[in-house]
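Trainee: Please find the sequence and the predicted model below.
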Amino acid sequence: MFEFSVPTKVYQTPDLGSCVAAILQQAGARQVGVMLDEQLLAAPPVLELLGALEDKVRVERYPHHATLPTTALVDAYARALRKRTPEFLLAIGGGTTLDLAKAVAALTLSEGSIEVYQGTGRRLGASIPTIMVPTTAGTGCEVSSVALLVHEATSAYQEVSAPSMAPRFAVLAPTLLSSLPQSLRAAEGLVAFAHAVEAWLSPRASPLTRVFALEAIKHLWRSLPVVVEAPGDLVAQGEVQLAATLAGIALENSTRGLVSTVGHSVALLAPVPFAQVIARALPALLRELCCASALSPPHASARVWPGSSDPEPLQLEGTPASAAAALQALGVALQSADWTGNDPSRSLDGSRLASDLLEPFRNAGLWKCLGEPMDVFGGSRSVRDAAAARWMHAPAVQAVGLTQPSIERILDEVGAVR
């Protein structure tokens, strides 16, 4: 038995202004709050969007310059919105902006500080309807009911979630991605890939989440190398953007935590953006996951793919062996999708699988696009050990069987160019 839902209505459009204006017009909205990174105020697509909206509805702008979504920011914006609560909250930006907006929209109609709802069991109630316009293609948080916020007291990421926080609409505009730096396009795309693999590995994976995860992987294999080299290719941009959303939907309907734990554990201790951490850690992370346990024989995993003769889905119990079996199943599914030329003699052992999963990105030189190697931990083993300790206590890390030596090997390779 499984559950699957997509409460967010997703649009993909070349005409961002007309699409958002039509959404608000159909809803009969007369006032909208707009939360965005202040650097976007000069971006032509955003200026066109705001111009299109201001002709039809009253717009209140809430710009910010935050690099991290903190609980203090959420509290401050919620106080501001309570004075003049908009009918919709439109968020334009990357993961920081979208997570801020989801939390603010819910807290505005609730009481107290957002910290009251982090890890306490207390649930947020209703939310201002939100429209998410992502300007990056990686996290998939435009379709997530979760916001990851930095708790002021502990300086650690903690999530806050509620069904009401699921965005009402997500509008994907490929033109917004064209001006991103090459390193960010590469890193964000690899984050989307990591999320798709995480959704496949989830103990709550289902036939539907695997469909979405597999489609995300195929879109990224095909289009991410193109986007990195040719940002003006809007067809490829649209495929990468869609892949991030597909992976986000898959995660929303399974469990999340592995990738965010890996990224945020390092990003909070070292001045490295979340996407860069994930992109640099991904090869070692996949290798350690694939080799966490001896993989099942190919014939045992061929039955778990939804298109097989046996429709019974794979049952994962959160053990190293089950994580390895899930990766083996991914190999079988991708082999069926002609990922290795459909060569039945090709090995599906752990080391080969980890390498093959990333082969299209290696061939395109994506890791070179990330820039020079980074001294992430400033030469301090204690900082690296602090990050490892954060990982070891995370349930998502324990569920897939990563050991202390595995974690240390991943961290040691975060700064290497592959």
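Mentor: Looks like it came in fine.
Trainee: Val133 belongs to a strand?
Mentor: Yes - per DSSP: H, G, I helix; E, B strand; the rest coil, Val133 lies within a strand segment.
Trainee: Isn't Thr130 up against Val104?
Mentor: No - judged on CB atoms under 8 Å, Thr130 makes no contact with Val104 at a distance of 9.1 Å. (Each C-beta comes from the backbone N, C-alpha and C, glycine too.)
Trainee: Now for these two: what residues contact both?
Mentor: Each of Leu89 lies in contact with both Thr130 and Val104 under the rule CB atoms under 8 Å, 6 or more residues apart in numbering.
Trainee: who's more crowded, the two?
Mentor: More crowded of Thr130 and Val104, by other CB atoms under 10 Å: Val104, with 29 against 26.
Trainee: Please tell me how far that one sits from Thr85.
Mentor: As judged by CB to CB, to the nearest Å, Val104 and Thr85 stand 11 Å apart.
Trainee: same question, Pro7
Mentor: For Pro7, the distance to Thr85 - CB to CB - is 21 Å.
Trainee: can you map out the helices along the stretch 101-250 of the chain?
Mentor: Listed in chain order, the helices of the stretch 101-250 of the chain (DSSP state H, counting those that start in this stretch) span 182-201, 207-229, 234-252.
Trainee: what's the longest one packed up against?
Mentor: Right, helix 207-229. The contact analysis (3 or more CB pairs under 8 Å, 6 or more residues apart in numbering; DSSP states H and E) places helix 207-229 against helix 182-201, helix 234-252, helix 320-336, helix 359-363, helix 366-369.
Trainee: By mean pLDDT, show me the worst of the ones you listed.
Mentor: With a mean of 69, helix 320-336 has the lowest mean pLDDT of the helices and strands packed on helix 207-229.
Trainee: picking that back up, could I get the helices of the stretch 101-250 of the chain as JSON lines with mean neighbour count and distance to Ala27?
Mentor: Below are these laid out as JSON lines (neighbours: other CB atoms under 10 Å; distance: least, CB to CB, whole Å):
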{"stretch": "helix 182-201", "mean neighbour count": "26", "distance to Ala27": "29"}
{"stretch": "helix 207-229", "mean neighbour count": "22", "distance to Ala27": "27"}
{"stretch": "helix 234-252", "mean neighbour count": "25", "distance to Ala27": "21"}
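Trainee: got the ones you listed as CSV, with distance to Gly371 columns?
Mentor: As requested, the helices of the stretch 101-250 of the chain are exported to CSV (distance: least, CB to CB, whole Å):
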stretch, distance to Gly371
helix 182-201, 5
helix 207-229, 13
helix 234-252, 20
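Trainee: So which of those is nearest Thr108?
Mentor: helix 234-252 (22.4 Å; CB to CB).
Trainee: Taking helix 182-201 as reference, get the angle to that closest one.
Mentor: Helix 234-252 and helix 182-201 meet at an angle of 40 degrees, taking axes from the mean of the first three to the mean of the last three CA atoms, to 10 degrees as the criterion.
Trainee: Just the CA atoms of the helix or strand immediately after helix 234-252 in the chain, as PDB, please.
Mentor: Downstream of helix 234-252, the next assigned helix or strand under DSSP states H and E is helix 258-267. In PDB, the C-alpha atoms belonging to helix 258-267 read as follows (Å, rounded to 0.1, in the frame of the first residue of the first chain):
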ATOM      1  CA  LEU A 258      19.900  12.100   2.900                       C
ATOM      2  CA  VAL A 259      20.900  14.700   0.400                       C
ATOM      3  CA  SER A 260      19.900  17.700   2.600                       C
ATOM      4  CA  THR A 261      21.800  16.200   5.500                       C
ATOM      5  CA  VAL A 262      24.900  15.800   3.400                       C
ATOM      6  CA  GLY A 263      24.700  19.300   2.000                       C
ATOM      7  CA  HIS A 264      23.600  21.300   5.000                       C
ATOM      8  CA  SER A 265      26.000  19.600   7.500                       C
ATOM      9  CA  VAL A 266      28.900  20.900   5.500                       C
ATOM     10  CA  ALA A 267      27.400  24.200   4.400                       C
END
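Trainee: What residues of the following helix or strand past helix 258-267 count as buried?
Mentor: Downstream of helix 258-267, the next assigned helix or strand under DSSP H and E is helix 274-290. Buried residues in helix 274-290, counted by 16 or more other CB atoms under 10 Å: 274-290.
Trainee: go on, stretch 403-418?
Mentor: Ser406, Ile407, Glu408, Ile410, Leu411, Glu413, Val414, Gly415.
Trainee: Among these, show me the least confident.
Mentor: pLDDT across the buried residues of stretch 403-418 is lowest for Gly415, at 63.
Trainee: Now for Leu36, which secondary structure element holds it?
Mentor: Using DSSP H and E, Leu36 falls in strand 31-37.
Trainee: Sheet partners, orientation included, of that strand?
Mentor: Within its sheet, and counting by DSSP bridges, strand 31-37 is paired with strand 58-64 (parallel), strand 88-93 (parallel).
Trainee: Output the helix or strand following it in CSV, but only the C-alpha positions, please.
Mentor: Counting by DSSP H and E, the next helix or strand C-terminal to strand 31-37 is helix 44-54. What follows is helix 44-54, C-alpha atoms only, in CSV (Å, rounded to 0.1, in the frame of the first residue of the first chain):
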residue,chain,number,x,y,z
PRO,A,44,14.5,41.4,-17.3
PRO,A,45,12.2,38.4,-16.9
VAL,A,46,11.4,39.4,-13.3
LEU,A,47,10.8,43.1,-14.3
GLU,A,48,8.5,41.9,-17.0
LEU,A,49,6.6,39.7,-14.6
LEU,A,50,6.2,42.5,-12.0
GLY,A,51,5.1,44.9,-14.7
ALA,A,52,2.5,42.4,-16.0
LEU,A,53,1.1,41.9,-12.4
GLU,A,54,1.1,45.6,-11.4
